[in-house]
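Asker: Fold the following, please.
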Amino acid sequence: MNNVEYIRWMQETATAHATHVGAAAKLAALGATWFVREHRITYLKPSHEGELIGVQTWIANYRRVRSCRKYRFVRLSDYAVLAQGETDWIFVNIETGKPMTIPEDLQSLFSLVPDETIIPVSEWEL
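Answerer: Below you'll find the model as predicted:
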């Protein structure tokens, strides 16, 4: 599988998670959005056409204007972890493009999840 697909899935998964917790309306009201500063991916095993792959994501931390979101890509047939990644997001004002402090009420929509509390793949609800 092409590595660009992992980046696309990271973006789509982050957007789906934000939509699920109701962050879209909050962002619009604030006149803000998230900007990708950096993606990092570690590829652990190959994947092939036709395999079903699940993506798990969580927020690892907040800093004043930044947030780290992590991802895990798993082949569902055998629960093999294919790749792990993270994105460093910057919270910005839509009009100016300048970083903004992440409001606490926005942060409260996303639970911080320490890596050691991540649900094992074998326990995922599929």
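
Asker: would you list every one of the helices in the chain?
Answerer: Assigned by DSSP state H, the chain shows helices spanning 3-20, 23-30, 104-107.

Asker: Quick one: list the elements packing against the shortest one.
Answerer: Spelled out, it's helix 104-107. Counting contacts by 3 or more Cβ pairs under 8 Å, 6 or more residues apart in numbering; DSSP states H and E, helix 104-107 is packed against helix 23-30. In this view, the C-beta of every residue, glycine as well, is placed from N, C-alpha and C.

Asker: Send me the helix it packs on as CSV with only the CA atoms.
Answerer: This file holds the C-alpha atoms of helix 23-30, laid out as CSV (Å, rounded to 0.1, in the frame of the first residue of the first chain):
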residue,chain,number,x,y,z
ALA,A,23,-15.8,20.2,17.8
ALA,A,24,-16.8,21.5,14.3
ALA,A,25,-19.4,24.0,15.7
LYS,A,26,-17.0,25.1,18.4
LEU,A,27,-14.2,25.8,15.8
ALA,A,28,-16.6,27.8,13.6
ALA,A,29,-17.7,29.9,16.5
LEU,A,30,-14.1,30.6,17.5
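
Asker: So which elements touch it?
Answerer: helix 104-107.

Asker: May I see the buried residues of the helix it packs on?
Answerer: L106 (16 or more other Cβ atoms under 10 Å).

Asker: which one's the longest strand in the chain?
Answerer: The residue-count maximum for a strand in the chain (DSSP state E) belongs to strand 80-93.

Asker: Can you point out the buried residues in it?
Answerer: Result for strand 80-93 [16+ other Cβ under 10 Å]: buried residues 80, 82-87, 89-92.

Asker: Next: stretch 20-34.
Answerer: 23, 30, 32-34.

Asker: could you dump these to TSV with distance to G50 and pLDDT?
Answerer: Shown next, in TSV, are the buried residues of stretch 20-34 (distance: Cβ to Cβ, whole Å; pLDDT from 0 to 100):
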residue	distance to G50	pLDDT
A23	33	92
L30	42	94
A32	40	96
T33	35	95
W34	32	94
